[in-house]
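1. Build me a model:
(chains A, B, C and D)
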2 protein chains.
Amino acid sequence: MGAGVGSSRYLEIAEALRKSILGGEYPVGARLPSESDLAARWSVSRGTVRQAVGLLASDGLIGSRQGARRVVLRQERRHSFQQLNSFAQWAQALGCEVSSRILSRTSRPATAEESSRLGVAPDSEVLYVVRVRRLDGEPVMVERTAYTDWVAPVVRALPDDVVSIMDSIAENADIVAHYGEHLIDAVAAGSEDARLLRVRRGSPLLRQRHLTYTAAGRPIEWTDDRYRAGSVAFSVSNSAAATPLERHAGPEVTPQPPRPEQPQ
Amino acid sequence: MGAGVGSSRYLEIAEALRKSILGGEYPVGARLPSESDLAARWSVSRGTVRQAVGLLASDGLIGSRQGARRVVLRQERRHSFQQLNSFAQWAQALGCEVSSRILSRTSRPATAEESSRLGVAPDSEVLYVVRVRRLDGEPVMVERTAYTDWVAPVVRALPDDVVSIMDSIAENADIVAHYGEHLIDAVAAGSEDARLLRVRRGSPLLRQRHLTYTAAGRPIEWTDDRYRAGSVAFSVSNSAAATPLERHAGPEVTPQPPRPEQPQ
DNA sequence: GATGCCAGCTTGTATGAACAAGTGACACCC
DNA sequence: GGGTGTCACTTGTTCATACAAGCTGGCATC
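-> Numbering: from 1, shown residues only, chains lettered A, B, ... in the order given. Here you go, the predicted structure:
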C-alpha cells in the first residue's frame, strides 16, 4: 500500500495479517502460525508480533487461549466501534456513495446539556449545525451538532456539501480529534426527523450521541446523530480473555473445562 | 476484595489504579505518575506497568499522548462494552435490584437466521426461551434466546426466576462463554414487546442481538434483547491512539499541532 | 518583555531472555 | 480398545535494556 510508510513495524505486521485473513488465506476456524513462526518470518522479536496480533484480537478478528494457537474468528470488515468517530470514513470503507448537506448553521446560546457536556459557561454561544447524510442517495442520518466557539469560525467557512467536517477542521486549523465518547440508545422520530429521513413520526431511530475532544482534553463538539432503523447496525466483539478484571469479580472462577469440543 | 489473589501482577496494579481514579485520588484532568514512578512504587518493570495502564486506557478511563503524562479522562463506572455479555452482572454493578422471569421454554426447529448464526442444520431443534427482566421492579428488557441442543438440557432444568442463565450454565455444565458478538440497532415494539414492557405498540426499542461462543468457537446461543427506550444507553469510549491502523489510511497524517491549549 | 531554543522528562517501540501455564497429540500400559 | 501419562509446543507474564519521538518548562537571547 505505501500508506504506512514510516509506520511502526507492528502496524505493518498487523495490516499484513489482517489482509491475509480478509483475503481468505486464513479462513474462519484456521489456526494462525505461532508467534515464534511469525517473529522469524518478519525478523522481529516475539513481543512485536504480540503487539500486532493484539490489535487484531481487539477487533474481534482472532481469538486466543493460553496454550493453543490463535484462531480466526471472523472474516469480515464491518463498522467497528473503533472507527465510530467518522461517518464519512466508515461509509467509504463500505464502498457506498456518501453525500451530505448542511441545512442550517446558527449561532445561539448553549442549552443546559450542551454547556454541561462541552464544559462551557451556560450562556456562551455555540454554533449549531443540522445536517442530513445519505448513503447511495438515501437519507440515512440526521446530525445535529453544537461546536464550541473556538472552532465555530472554521465550521462556518465550510461549504454546505462538505463530506467530513472533522477532517476539514484538521486540515484547516490543525485541530485533531483524539478522544471520543459515545452514548447509544433508541428514540422516536420527531416531526423534523420524520420529514428529513422520510419516515413516519414516532418510528424508531437509533441515536448516537457523541462528544469529541482534542488531545489535550478540550471538547470540540457535542452531536446527536439519528439513524433510520434498518439502515445501520453497530457491531462489537469481545472476549472473556480481554476483560479478566471484570470476570474475576465473581465468587470463584470455574476452571477451563477439559471437555473435548469437536469444532462441528 | 481478595478476588484477585493469584492474579497477574499487572491486573493487581490496574485494579489499584482504577480504584484510585474512581475514588477521586486522581480527579479528572489530573496527571498520573510516570510509568517509571509507578514501576518503582510497585517494584515491577515498566512493561508490566504499561500492561496495567493499557487496560485502563482501553476502558476510556485515561488517555495518553507520546511525551506527555497520562491524564484522567473520566471518573465513572458505566456499562462498558467490555461487559456486554451479562445483564445480571451489569445490573448488580449498578446497585439495582434485578429480577427475571422466564415466560416460556419451547423446543422448535431453528429459523433460517438461527441456524445460520448458530451454525446448525436448518431443521435441527433449538430451545427457544422468552424472558422479561426488571430493574427495581420496572420491566426493562425482553430477551428471546435460541439455545443449541447441546446446552438445552441444562437450560430446561433451571427455575423460572434464575438471574443469570450463562452463570448457571457455567456452574452446572462447565461450559464457559468466551467470545461474544453484538449487533445493536433500533426497532419498533411489536405487540408482544408492547405488552411485556408496558409501552405502546410501535414505540422505539433498543435492540441488541448477540451470539455467544465457547473458547473453542462453538456457538452457545443467539439472542435478541429489546430494551425500553430511555431505560438503558450503551456507552463506549475510544481514542485516535487506540486505532492507529485506521487513522493511517488517509493520504497524510497532520502532525501533532504545537498549538498551546490551556485546559480551560 | 517576548520569543525561540534546548535539555530533561515521558511515552512509544523494539529486543532478547526466561519461566509459568495450558494444549494437543502421541506412545504407552492395562 | 480404551484410558492414561508424558512431552513438545504455544501462549501468557515478567524482566532489563535501549533508542526514538514528542512534550514541557526554563533559560538565554534578542
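2. okay, now residue A:47: neighbour count?
-> With neighbours defined by other C-beta atoms under 10 Å in any protein chain shown, the count for residue A:47 comes to 11. Any C-beta I mention is one placed from the backbone N, CA and C, and that applies to glycine too.
3. can you tell if the one helix or strand it maps to touches DNA strand C?
-> Element membership for residue A:47 (DSSP states H and E) is helix A:46-58. Yes - applying C-beta under 7 Å from any atom of the strand, one finds that helix A:46-58 is in contact with DNA strand C at A:46, A:47, A:48, A:51.
4. Contacts only, for the first one.
-> By C-beta atoms under 8 Å, 6 or more residues apart in numbering or on different chains, the contact set of residue A:46 is A:35, A:36, A:39.
5. looking at it, the last one is touching residue A:49, isn't it?
-> Read that as residue A:39. Yes - applying C-beta atoms under 8 Å, one finds residue A:39 in contact with residue A:49, separated by 4.8 Å.
6. Tell me which of those two has more neighbours.
-> Ranked by neighbour count (other C-beta under 10 Å), residue A:39 and residue A:49 place residue A:49 first, with 25 against 19.
7. give the contact list for that one.
-> Residues near residue A:49 by C-beta under 8 Å, 6+ apart: A:10, A:13, A:35, A:38, A:39, A:42.
8. give me the subset of those touching DNA strand D.
-> Answer for those near DNA strand D (C-beta under 7 Å from any atom of the strand): residue A:35.
9. Adding distance to residue A:148 and pLDDT, write the contacts of residue A:49 out as CSV.
-> Listed next are the contacts of residue A:49 as CSV, based on distance: C-beta to C-beta, whole Å; pLDDT from 0 to 100:
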residue, distance to residue A:148, pLDDT
A:10, 35, 94
A:13, 39, 95
A:35, 45, 96
A:38, 45, 95
A:39, 46, 95
A:42, 44, 93
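10. mind listing the strands for the stretch 151-264 of chain A?
-> A:177-188, A:204-214, A:219-228, A:234-239 (DSSP state E, counting those that start in this stretch).
11. domain assignment for chain A?
-> Following automatic domain parsing, one finds the domains of chain A at A:9-77, A:81-228.
12. Show me where the stretch 51-200 of chain A has its helices.
-> Along the stretch 51-200 of chain A, the segments classed as helices by DSSP state H, counting those that start in this stretch run A:87-94, A:112-118, A:152-156, A:165-173, A:191-197.
13. how about JSON lines for these, with mean pLDDT added?
-> Shown next, in JSON lines, are these (pLDDT from 0 to 100):
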{"stretch": "helix A:87-94", "mean pLDDT": "71"}
{"stretch": "helix A:112-118", "mean pLDDT": "90"}
{"stretch": "helix A:152-156", "mean pLDDT": "88"}
{"stretch": "helix A:165-173", "mean pLDDT": "77"}
{"stretch": "helix A:191-197", "mean pLDDT": "95"}
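14. Reformat those helices as a markdown table; add mean neighbour count.
-> Compiled in a markdown table, these are given as follows (neighbours: other C-beta atoms under 10 Å in any protein chain shown):
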| stretch | mean neighbour count |
| --- | --- |
| helix A:87-94 | 19 |
| helix A:112-118 | 16 |
| helix A:152-156 | 16 |
| helix A:165-173 | 17 |
| helix A:191-197 | 16 |
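15. Check the contacts of residue A:49 and tell me the two furthest apart.
-> With distances taken as C-beta to C-beta, the most widely separated pair in the contacts of residue A:49 is A:10 and A:35, at 12.3 Å.
16. Pull the contacting residues for the closest residue to residue A:198 other than its chain neighbours.
-> Of all residues not flanking residue A:198 in the chain, residue A:139 sits nearest, at 6.1 Å (C-beta to C-beta, 6 or more residues apart in numbering or on different chains). Residues in contact with residue A:139 (C-beta under 8 Å, 6+ apart) are A:132, A:133, A:196, A:197, A:198, A:228.
17. give me the subset of those residues touching DNA strand D.
-> Among the contacts of residue A:139, proximity to DNA strand D is found for none (C-beta under 7 Å from any atom of the strand).
18. quick one: which of those residues is nearest to chain B?
-> Closest approach between the contacts of residue A:139 and chain B, by C-beta to the nearest C-beta: residue A:228, at 8.9 Å.
19. Distance of the closest one relative to residue B:127?
-> 34 Å (C-beta to C-beta, to the nearest Å).
20. Tell me which of the two has more neighbours.
-> More crowded of residue A:228 and residue B:127, by other C-beta under 10 Å: residue A:228, with 23 against 20.
21. Turn the contacts of residue A:46 into TSV, columns for secondary structure.
-> Formatted as TSV, the contacts of residue A:46 follow (DSSP: H, G, I helix; E, B strand; the rest coil):
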residue	secondary structure
A:35	helix
A:36	helix
A:39	helix
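22. about what we covered before: do you know which of the helices of the stretch 51-200 of chain A lies nearest residue B:59?
-> Across these, closest to residue B:59 is helix A:112-118 (C-beta to C-beta), at 19.9 Å.
23. if we can go back for a sec, and the furthest pair within the residues of helix A:46-58 next to DNA strand C?
-> Within the residues of helix A:46-58 next to DNA strand C, A:46 and A:51 form the most distant pair, 10.0 Å apart (C-beta to C-beta).
24. from what I can see residue A:162 touches residue A:168, true?
-> Yes - contact criterion C-beta under 8 Å: residue A:162 and residue A:168 qualify, at 5.7 Å.
25. Quick check: neighbours shared by these two?
-> The contact sets of residue A:162 and residue A:168 do not overlap (C-beta under 8 Å, 6+ apart).
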